[in-house]
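Asker: need a structure here:
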Amino acid sequence: MNNSITAIILAHFKEREGNLKRIIDDLLAGTVVPDEIVIFIDNPDIAYEDDRTTIIRSSKNFLPKIRFALGAYFDTRYCFFIDDDLTVRSKTLENFLDHADQETILGLEGSILGDGDKPYSNDTSVNRGARDVPVDVIIRTYFVPTSVLTAGFMLQSAYPDLPRKSLDDVYLCLGNKYLFSGSVGVIAVDEESDVTELDEGGVRQSGSGVHYENRNKVCKFLMDKYL
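Answerer: Here you go, the predicted model:
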């Protein structure tokens, strides 16, 4: 397996279909290229085809946590998950690989949870920048050892009454910290290893009315339980 990497992209929003080719082109043009690129499409209106990738289609909509289940299927050392309103630059994957180990979930943006009843809303946001920062939750771009992908599902299954929507990243990252004693960190970027923002098409998961409500509720519960 060595340092094999599988890149996985969710394609749910028709409004972002035009970003997919750009993301694939950029992944394949980097100094480190994924061994496999997978696109999971759960919107029948998205007709994208690309013989450079493995495309999996579903007639049913799934929560974003499906990407972590898919990653666990592939025989790969690391999974790279990127939202479809971002694309990589020439050394983005190289930079992740340089920082990687088997206990740490890495990203380029994240959140240090705050205090009180709304720890996610009262967080310290860590944006893409020039230093490495330990965080609690990674957002938007994840470089994950395949061996820790089960952490989120284990944590979620332990508390079946907690919300599920808008929480894939929270369960994964906090599961790695609380159950596996692993770490979560934002890594430094430069001009070549950053990511590029793409058109979000006027749609976003965080636009849901329950997004922050669910994240605050679950983070508060888990912090009280494990810290």
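Asker: can you map out the strands along the protein?
Answerer: In the chain, the strands defined using DSSP state E lie at 5-11, 36-41, 54-57, 78-82, 86-88, 104-107, 110-112, 124-126, 133-134, 137-138, 141-145, 183-186, 195-197.
Asker: The third one - contacts with which helices or strands?
Answerer: The reference is to strand 54-57. Applying 3 or more CB pairs under 8 Å, 6 or more residues apart in numbering; DSSP states H and E, we find strand 54-57 packed against strand 36-41. C-beta coordinates here come from the backbone N, C-alpha and C atoms, glycine included.
Asker: Mind listing what's buried along the strand it packs on?
Answerer: Using 16 or more other CB atoms under 10 Å as the test for burial, strand 36-41 gives 37-41.
Asker: ok, so of those residues, who is nearest residue 163?
Answerer: residue 40 (22.2 Å; CB to CB).
Asker: can you pull the contacts of the closest one?
Answerer: Residues near residue 40 by CB atoms under 8 Å, 6 or more residues apart in numbering: 8-11, 56, 58, 62, 66-67, 70.
Asker: got a list of what residue 151 touches?
Answerer: Residues in contact with residue 151 (CB under 8 Å, 6+ apart) are 171-172, 175-176, 179-180, 182.
Asker: at 7 Å what do you get?
Answerer: 172, 175-176, 179-180 (CB atoms under 7 Å, 6 or more residues apart in numbering).
Asker: Out of those, name the ones that lie in helices.
Answerer: If you go by DSSP state H, the contacts of residue 151 have 172, 175-176 in helices.
Asker: can those go into a markdown table with extra columns for distance to residue 2?
Answerer: Below are the ones in helices among the contacts of residue 151 laid out as a markdown table (distance: CB to CB, whole Å):
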| residue | distance to residue 2 |
| --- | --- |
| 172 | 24 |
| 175 | 26 |
| 176 | 22 |
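Asker: When you filter those down to buried only, what's left?
Answerer: Among these, those classed as buried by neighbour count (16+ other CB under 10 Å) are 172, 175-176.
Asker: coming back round to it: most neighbours among the contacts of residue 40, which one?
Answerer: residue 8 (25 neighbours; other CB atoms under 10 Å).
Asker: residue contacts, that residue?
Answerer: Per CB under 7 Å, 6+ apart, neighbours of residue 8: 38, 40, 67, 70-71, 79, 81.
Asker: which among the ones in helices among the contacts of residue 151 gets closest to residue 194?
Answerer: Distances from residue 194 to the ones in helices among the contacts of residue 151, taken by CB to CB, are shortest for residue 172, at 22.5 Å.
Asker: Sweet, I'm off.
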